[in-house]
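[1] Sequence first, then the predicted structure:
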Amino acid sequence: LYCKAKMLQWDKPEETKNIIILMGGFHVQLNFAKVIGQHMSESGLQDIFEESGVYGKNTAENIMKGKGWNRIARAHKLALEALWKILWSNFIEWTEENDCHVNQNTLFQAQEVARLLKQKDFPKVIEIYHCLTDSCEEINCLLLEYEKANSDKPTFYFWRQYMELVSILLAFTRAMRNGNWKLYLAAFKAMMPWFAVYDHTHYTRWGTVFIADMECLNLTAPEIYEDFLRGRFVARETNHNFNQVPYDLALEHVNRSGKVAGGLVGITRNDTARNRWSLTYNQRASLADETRALYGLVHDDIDDEDGHKDCLTSRITRDRNDVNKLFEEFQRFRVFQQENPYDLVALTTGDVAPENVCCDLTEALKNGLEILSTFVDSRLIKKDTSFHDSLSKKKSKTFSSLYNTDVQRKAGGERSVRPDRDIFRRIIVSMESGRDVNIDELLQKELCSVPLSLATTESTLRCTNKAEIASILEEGAKVAELYESDLLTCSIIDGMALVQ
């Protein structure tokens, strides 16, 4: 809807000059989660989610497709924590080998912050945190040196890319939850090259316009800019902390209220009933709020962090256990210490990416920045290309490109299909999990997604000659002799019975 609203604003500038148009933050989150799934497709991340037992097959697939925000956020947070645990231990070993030891006082302060957070001693946490931020600069410099020392190892670099992508997504989420306008813009800018390189053309085109408008907001609408700095670019129902949401997500809550009991379901074709529901919605919501306040169900002045589901003891325990499961799986596949460090390798399958796939994956950020630079230069600055002209797709190659096969179509042209290569891995995983699998009996079957008698492994139907069916059916068929009779008789032959 942003593009339609913006085009209307361009068409009628006088009537819409006092309107500021924002992109829907919730849909930006979902699309960037899809970008992460595209980048990590067939890299082994989905397999690790499944084999660790943290998520099932369908849930893991949906996470990679960018569906189901709550599970997406939790899955990537857990994976990020597990990867940091592995990377940190490797980093400490590297510092010891290179005689550049980390300041022990910094590590002690970090442990102290964790301990005080559990005790909810927030004044001391803030006091130590300011000291910790200054001393962390040294660790940050050492981390950059460590990454530079491993920059020629594609698998290492690839998984560090994933950690950076998740960090951008979490920073964007944090910006909206805290109402931090500057962090919001910074995170969105960091997303743009990835939208461009993975062919999210709407965000590539209109994201540049959105950023340009927001950068000039302090000049075009200074009062709105000040409100945004105070966090008023997101919706907030109560005065609690970390509870603000983008307006498109707030609208989803309104949409949900129309689909439950007492909602719009069943009355959308009744004009009178629909109008009554719509016109009285605000009043009914106000009455509901006042009723909750009357019975003491609203505690707007008290921050109930302990009541949030992510802060419950059971949830913390579950998250810790799931992080350990993912940690074990990443360790098992030696995520940052591959046997062939100079090849880009899919963790769980061991497939080595060819040079073109390795180049597209490791230089994805660089390619995205080039696409954005070309777009801005040609369509917004020089304007030698129409802004609305179609964008050519980059079609960046990922690990999933290794398994695609081009198949000729009858009508001409080609299409890419992907055979199922995971059948034997799934059998092994099923056996290791304790399921009763009879391999001898199982291998007597075709184990294909299509019957090979009717189609090829590329899912194309086999060519046949229908005219031969009649001759095949006639072979060996016996002609029944009719008995002679003086009476008027008829003979009925059941063709289906003969075929069976």
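    That came through fine.
[2] tell me the SS of Gln331?
    Recorded secondary structure, Gln331: helix (DSSP: H, G, I helix; E, B strand; the rest coil).
[3] Please look at it and Ile86 and confirm they touch.
    Yes - using Cβ atoms under 8 Å, Gln331 makes contact with Ile86 at a distance of 6.3 Å. To be clear about C-beta, it is placed using only N, CA and C from the backbone, and glycine gets the same treatment.
[4] the more surrounded of those two?
    The neighbour comparison of Gln331 against Ile86 (other Cβ atoms under 10 Å) goes to Ile86, with 18 against 15.
[5] Assumed that one was part of a helix.
    Yes - under three-state DSSP, Ile86 sits within a helix.
[6] Tell me the pLDDT of it.
    pLDDT, Ile86: 93.
[7] who touches it in this structure?
    Contacts for Ile86 (Cβ atoms under 8 Å, 6 or more residues apart in numbering) come out as 327, 330-331, 335-336.
[8] Kindly report the same for Met163.
    Per Cβ under 8 Å, 6+ apart, neighbours of Met163: 80, 83-84, 87.
[9] Just the buried ones among the residues you listed, please.
    Applying 16 or more other Cβ atoms under 10 Å to the contacts of Met163, the neighbour count classes 80, 83, 87 as buried.
[10] what's the spacing between the first one and Ile139?
    In this case it means Leu80. 18 Å (Cβ to Cβ, to the nearest Å).
[11] which ones are touching Ala346?
    42-44, 353, 399.
[12] Then Tyr342?
    By Cβ under 8 Å, 6+ apart, the contact set of Tyr342 is 152-154.
[13] Return a ChimeraX selection command for the buried portion of those residues.
    The following ChimeraX line selects those of the contacts of Tyr342 that are buried, judged by 16+ other Cβ under 10 Å:
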select :153,154
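[14] helix or strand right after the helix-or-strand element of the chain with minimal mean pLDDT?
    The helix or strand of the chain with the lowest confidence, counting by mean pLDDT, DSSP states H and E, is strand 414-417 at a mean of 53. Counting by DSSP states H and E, the next helix or strand C-terminal to strand 414-417 is helix 423-432.
[15] Hmm, Val209 and Lys6 touching each other?
    Yes - with contact defined as Cβ under 8 Å, Lys6 counts as touching Val209 (6.3 Å).
[16] count of residues packed around the spatially closest residue to Ser257 that is not a sequence neighbour?
    Leaving aside its sequence neighbours, Ser257 sits nearest to Gly263 (Cβ to Cβ, 6 or more residues apart in numbering; 6.1 Å). Neighbours of Gly263 under the rule other Cβ under 10 Å: 15.
[17] now the helices for the stretch 401-500 of the chain?
    423-432, 439-442, 467-474, 495-499 (DSSP state H, counting those that start in this stretch).
[18] ok, now the stretch 151-300 of the chain?
    In the stretch 151-300 of the chain, the helices defined using DSSP H, counting those that start in this stretch lie at 154-178, 181-197, 201-215, 217-220, 222-229, 247-257, 271-279, 281-294.
[19] Looking at those helices, which is nearest to Val323?
    Smallest distance to Val323 across these (Cβ to Cβ): 13.7 Å, for helix 154-178.
[20] Buried by neighbour count: which residues of the helix or strand containing Pro123 qualify?
    According to DSSP H and E, Pro123 maps onto helix 122-149. For helix 122-149, burial by neighbour count (16+ other Cβ under 10 Å) applies to 125, 128, 132, 139, 142-143, 146.
[21] mind checking pLDDT for Asn140?
    Asn140 is assigned a pLDDT of 85 by the prediction.
[22] Please shift the residue numbers so they start at 59 in all later answers.
    Sure, I'll start numbering at 59, so the last one becomes Asn198.
[23] Give me the neighbour count for the residue lying closest to Ala91 once chain neighbours are set aside.
    Leaving aside its sequence neighbours, Ala91 sits nearest to Gly124 (Cβ to Cβ, 6+ apart; 4.1 Å). Close neighbours of Gly124, defined as other Cβ under 10 Å, add up to 18.
[24] so what's Gly124 up against?
    When contacts are counted by Cβ under 8 Å, 6+ apart, Gly124 is found next to 88-89, 91-95, 130.
[25] Out of the residues you listed, which sit inside helices?
    88-89, 91-95, 130 (DSSP state H).
[26] Write the PyMOL selection for whichever of those residues are buried.
    To isolate the buried ones among those in PyMOL, judged by 16+ other Cβ under 10 Å, type:
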select buried, resi 88+89+91+92+93+94+95+130
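[27] between the ones in helices among the contacts of Gly124, which is closest to Cys158?
    Using Cβ to Cβ, Ile94 comes nearest to Cys158 of the ones in helices among the contacts of Gly124, at 32.3 Å.
[28] List the residues that contact that closest one.
    By Cβ under 8 Å, 6+ apart, Ile94 lies in contact with 124, 134, 220, 223-224, 227.
[29] biggest separation within these, which pair?
    The most distant members of the contacts of Ile94, if one measures by Cβ to Cβ, are Gly124 and Tyr220, lying 14.7 Å apart.
[30] And the residue nearest to Ala91, how far from Asn89?
    Taken as Cβ to Cβ, the span from Gly124 to Asn89 is 7 Å.
[31] Identify the spatial nearest neighbour of Lys367, chain neighbours not counted.
    In space, and not counting its chain neighbours, Lys367 is closest to Arg373: 5.7 Å by Cβ to Cβ, 6+ apart.
[32] where's that neighbour, which helix or strand?
    Assigned by DSSP H and E, Arg373 falls within helix 371-390.
[33] what distance separates that helix from the middle of the whole chain?
    Relative to its parent chain, helix 371-390 has a centroid offset of 20 Å by Cα atoms, centre = their mean, to the nearest Å.
[34] Can you pull out the low-pLDDT segments for this structure?
    Per-residue confidence for the chain (pLDDT under 70) gives these ranges: 356-366, 461-481, 483, 487, 491, 507, 515-517, 534-535, 537-541, 557-558.
[35] sorry, back to before: just send the contacts of Met221 back as a markdown table, with distance to Thr330 too.
    Supplementary listing: the contacts of Met221 in a markdown table, determined by distance: Cβ to Cβ, whole Å:
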| residue | distance to Thr330 |
| --- | --- |
| Leu138 | 52 |
| Leu141 | 57 |
| Trp142 | 58 |
| Leu145 | 63 |
